[in-house]
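[1] Predicted coordinates and the sequence they were generated for:
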Amino acid sequence: MELTICRTYYEDGTNGRLYADGEFLGFTIELPWRDNAKMESCIPEGRYELAARYSEQFHDHLILKNVPNRSLILIHPANNAIKELRGCIAPVSVLTGPGVGLRSRLVFTTVIEKVYKALHKGEAVHINIKKNLENG
């Protein structure tokens with residue numbers, strides 16, 4: 001299974017369109033690009049393996065493996081990148097501004113169901129993060 005995020009970069013945050021094997025699932029919010037600075041920047045574009053992860057804070061969620069010079073990059077619910085993310089990715093239903101959205105849990109639940117189903121079948125799951133070429 002392949003998730004894809006097509007990003008658009010803004011000074012105050014990064015927004016994306018999220019797809020699973022070509023099917024549109026919703027949007028994403030992230031921190032702005034700040035040269036991959038830990039806790040301050042979204043991660044570099046690229047293709048990363050995803051794995052299931054559990055914590056008391058987020059319960060079932062996802063972790064990206066082998067992110068250059070970064071660790072604990074997660075996919076979890078959040079509605080405001082600056083206030084709630086430290087380099088992680090949050091799916092949202094609606095974008096309301098750069099790095100800001102609404103109803104994160106709704107899309108997050110769909111992502112978790114699809115990814116966990118693929119992982120339980122023994123499939124590898126990757127996320128491909130790239131620049132949205134439609135908006136330059």
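    Alright, I've got the coordinates. In this text the structure is predicted, and so the values were computed from the model without any measurement.

[2] When you work out contacts or count neighbours from here on, use the C-alpha atoms and nothing else.
    OK.

[3] Identify the nearest residue to residue 52 in space, disregarding sequence-adjacent positions?
    On the basis of CA to CA, 6 or more residues apart in numbering, the spatially nearest residue to residue 52 that is not a chain neighbour turns out to be residue 62, at 4.8 Å.

[4] Parallel or antiparallel, list what pairs with the helix or strand that contains the one you found.
    Counting by DSSP states H and E, the element that carries residue 62 is strand 59-64. Strands flanking strand 59-64 in the sheet, each with its direction: strand 46-55 (antiparallel), strand 74-75 (antiparallel) (DSSP bridges).

[5] List the contacts of the residue nearest the centre of the chain.
    What sits nearest the mean C-alpha location of the chain, by CA atoms, centre = their mean, is residue 89, with 3.2 Å. With contacts defined as CA atoms under 8 Å, 6 or more residues apart in numbering, the neighbours of residue 89 are 28-30, 42, 73-76.

[6] go on, residue 83?
    Taking CA under 8 Å, 6+ apart as the contact definition, residue 83 lies against nothing.

[7] for it, phi and psi?
    Note on residue 83: its backbone torsions stand at phi -80, psi -30 [degrees, to the nearest 10].

[8] Could you report the distance from it to residue 92?
    Distance, residue 83 to residue 92, by CA to CA, to the nearest Å: 15 Å.

[9] How about residue 101?
    Here the criterion is CA to CA. By it, residue 101 lies 6 Å from residue 92.

[10] Could you double-check that residue 82 sits in contact with residue 31?
    Yes: with contact defined as CA atoms under 8 Å, residue 82 and residue 31 form a contacting pair (6.2 Å).
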